[in-house]
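Trainee: Take this sequence and fold it.
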Amino acid sequence: MDSSGNQPEAMVPPVEGVAGGGTAYGWSESGIQDPNLLRGSIDPLKVHSSELLHVWCMPSTANVGPQDMPRALEPISLLAARNERENFQIAIRPKVSWAGSTVAGTLQMQCTDLCSTSGDRLIVGESLKVRRVVPILGVPDALVPLDVPVSQLSLFPGETTAIYVSIDVPDMHPPGQYEGEFIITATRADTQSTAQCLTKAERNQLYQELRSCLDFVEPIDGKPLDEVVERVKCASSSLKKVLQLSSFSDLYLDNGSVDMMEEDAISNLSIRVKLSLTVWDFILPVTPSLPAVIGISDTVIEDRFGVEHGSSQWYEALDQHFKWLLQYKISPYFCRWREGMRVLTYTCPWPADHPKSDEYLSDPRLGAYAVPYSPVVSCDDTAKNFLQREVEILQTKNHWRKAYFYLWDEPLNLEHYEAIRNMASEIQAYAPDARIMTTYYCGPSDAPLASNNFESFLKVPEFLRPHNQIYCTSEWVIGNREDLAKDIIAEIQPENGEEWWSYVCMGPSDPHPNWHLGMRGTQHRAVMWRVWKEGGTGFLYWGANCYDKAAVPSAEIRFRRGLPPGDGVLYYPGQVFSSSTEPVASLRLERLLSGLQDIEYLKLYSSRFGREEGVHLLEKTGMYLGPERYTHEHMPIDVMRGEVFRTCRSETN
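Mentor: As a prediction, this is how the structure comes out:
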């Protein structure tokens, strides 16, 4: 602390523990403008919130933990295409304690719509969402939804809280410059926002009544006078119902009078975070250019949520997970593990002749879908009859080109490989154009295909041909030698419909890109940069919900023993954090989405200037050069995206 000049010297209390418990005594880490704040209780409604709070902004790739130290607050400037999600973080750390309890204090955060000069809006709650970053095993990861437009947060002494802000731009939204702000105000513990005073049921009733009122009065242009009068009467009736809600009873008794002095005082004492968003005319494709197929364990859902396989509750649970994950531009598939790494995989739990099947498989957001080899739910049909009927129905659909069969995970010996060949032969007897996908990191151990392990691995396509079409290999095999990817691609025959996909799981490990807990944010995002640069046409991840078994939805999340923390888990059950049943995304899942969106930018640039120039852009910005050489900072990502915006905006519609 600065003790020069007329600034009285302040006594710094002893720091307790790793969290820096000194803040609990009312000591600021960066100095207090008014030393009298140390001498008694602090009323947050009488001092500017900047005296009590550090507030600063961080990029979406930053892992903002409880011990992160303050930075300068600067306005946020973002770039987004249409049909894109862009994110950033607001970090908040108390300078002093003003609550007089175990918490340092309480704050209120309000966010506004983002508005353009032409009057267009990105609306809070629809396009703009706010979540609190919650540590898992001490690492920031879970993104727990907060109320909007106003939320209330408790801060703890010596701890930084991170707020994750997401902006979704609809695909037909007008391009332009959008402005908005976040208003952060330190408050008393007993201060409540209107949104928090209302129960969820009351808020829903309020919304429905106001919506009804609008429905009555909006379509009155050109209507006869008697109809307009009738509509106004209906709207008036709806508004009366709103005023009669119990939450407004105190205002009703006071004839609705409100003392605005305190509200104005709070506003004048707030910290304001300015946000500017440039929306440009590029529209990210609804169907991702690169399919990323992500597994969901149906047995984990059955155990944790207590639903019986094949019951109506089971279908509802799977339906919720499928629809929720589609927003991340991934192609979910459900999975049941069987003996010897054999897997039953399926994207739609209903059979092909069910109406739900077309609803699922025709969804344009789905890049690829898994067809089950045998019945998902017990039925009277034999497995053979079931398979034949499924294939014959699906073959007639336009979406059949997105279908694949995933039969075995990482075959290890001749018996495994022979089983794949036999199942593939059966499928292709009904549908010669059916695509079979196999994941692998080695050739059969008991029948070496070449003189060394890597050469044997390279010969797998030759060994499985013509039964396999998608060769999905572990990035672990490539290691830090990008040239090996070229060797793999050289063995693939795209002219015969073959593709090369890749996957990550336990490996590769740090410093290579992966989705393990505790890795850098750019390391998570770089998983997709690597896929694109190496020339893969698809990607697989084995599990998004493969945490340890539990019998209740709210049970603590435990990662499976023997796996790196976070491996196989990209989202969490909402009940772990609140009463909500909606899944809670991880930071890593958001970074997966950002990486897929980066691919669309690179693809656009390559379509204009050639793939070689696209790779050059990735490298010259310092964003990604190889598995061990990629940016640790966010700036190169913005530079790459900005260059695509600068050079390609006139080429887009």
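Trainee: Correct me if wrong, but residue 110 is in a helix.
Mentor: No. Looking at residue 110 with DSSP: H, G, I helix; E, B strand; the rest coil, it is strand, so not inside a helix.
Trainee: can you give me the strands in the stretch 251-400 of the chain?
Mentor: In the stretch 251-400 of the chain, the segments counted as strands under DSSP state E, counting those that start in this stretch are 271-283, 292-297, 331-337, 343-346, 369-370.
Trainee: Sort out which residues of the longest one are buried, please.
Mentor: Under the neighbour-count criterion of 16 or more other Cβ atoms under 10 Å, strand 271-283 has 271-273, 275, 277-283 buried. Every residue, glycine included, has its C-beta placed from N, CA and C.
Trainee: Given that strand, what are its sheet partners and their directions?
Mentor: If you go by DSSP bridges, strand 271-283 pairs up with strand 76-82 (parallel), strand 176-187 (antiparallel).
Trainee: now the shortest one, how far from the chain's geometric center?
Mentor: Averaged C-alpha coordinates place strand 76-82 at 17 Å from its chain's average position (Cα atoms, centre = their mean, to the nearest Å).
Trainee: Now do the helix or strand following that strand against strand 176-187, angle only.
Mentor: The helix or strand immediately downstream of strand 76-82 is strand 84-94, counting by DSSP states H and E. Orientation check (axes from the mean of the first three to the mean of the last three Cα atoms, to 10 degrees): strand 84-94 against strand 176-187 gives 20 degrees.
Trainee: Give me the packing partners of strand 84-94, helices and strands only.
Mentor: For strand 84-94, the elements it packs on are strand 53-59, strand 76-82, strand 150-155, strand 161-169, strand 176-187, helix 587-609, judged by 3 or more Cβ pairs under 8 Å, 6 or more residues apart in numbering; DSSP states H and E.
Trainee: before we move on, the earlier item: nearest to residue 303, out of the strands paired with strand 271-283?
Mentor: In terms of Cβ to Cβ, the element of the strands paired with strand 271-283 nearest to residue 303 is strand 76-82, at 39.0 Å.
Trainee: in the closest one, what's buried?
Mentor: So strand 76-82, judged by 16+ other Cβ under 10 Å, has buried residues 76, 78-82.
Trainee: Same question for stretch 632-648.
Mentor: 634, 636-638, 640-641, 644-645, 648.
Trainee: Export the residues you listed to CSV and append columns for pLDDT.
Mentor: Formatted as CSV, those follow (pLDDT from 0 to 100):
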residue, pLDDT
634, 98
636, 98
637, 98
638, 98
640, 98
641, 98
644, 98
645, 98
648, 96
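Trainee: Let me have those residues in CSV, extended by secondary structure.
Mentor: Shown next, in CSV, are the buried residues of stretch 632-648 (three-state DSSP):
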residue, secondary structure
634, coil
636, helix
637, helix
638, helix
640, helix
641, helix
644, helix
645, helix
648, helix
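Trainee: which two from those residues end up farthest apart in space?
Mentor: The distance between the two most remote of these (Cβ to Cβ) is 21.3 Å, for 634 and 648.
Trainee: Help me confirm that residue 455 is found in a helix?
Mentor: Yes. Assessed with three-state DSSP, residue 455 lies in a helix.
Trainee: burial count for it?
Mentor: The tally of other residues near residue 455 (other Cβ atoms under 10 Å) stands at 13.
Trainee: three-state assignment of the closest residue to it other than its chain neighbours?
Mentor: Distance criterion Cβ to Cβ, 6 or more residues apart in numbering; nearest residue to residue 455, sequence neighbours excluded, is residue 449 at 7.4 Å. Reduced to three states with three-state DSSP, the structure at residue 449 is coil.
Trainee: Need the per-residue pLDDT for residue 449.
Mentor: Note on residue 449: pLDDT of 86.
Trainee: picking up where we left off before, of all the strands of the stretch 251-400 of the chain, which lies closest to residue 610?
Mentor: Across the strands of the stretch 251-400 of the chain, closest to residue 610 is strand 271-283 (Cβ to Cβ), at 18.2 Å.
Trainee: just checking, residue 349 touches residue 335?
Mentor: No. Residue 349 lies out of contact with residue 335 (Cβ atoms under 8 Å); the separation is 11.7 Å.
Trainee: which neighbours do these two share?
Mentor: Common contacts of residue 349 and residue 335 (Cβ atoms under 8 Å, 6 or more residues apart in numbering): residue 298.
Trainee: if we can go back for a sec, dump the helices and strands packed on strand 84-94 into CSV; add mean pLDDT as well.
Mentor: Output for those, formatted as CSV (pLDDT from 0 to 100):
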stretch, mean pLDDT
strand 53-59, 98
strand 76-82, 98
strand 150-155, 96
strand 161-169, 98
strand 176-187, 97
helix 587-609, 98
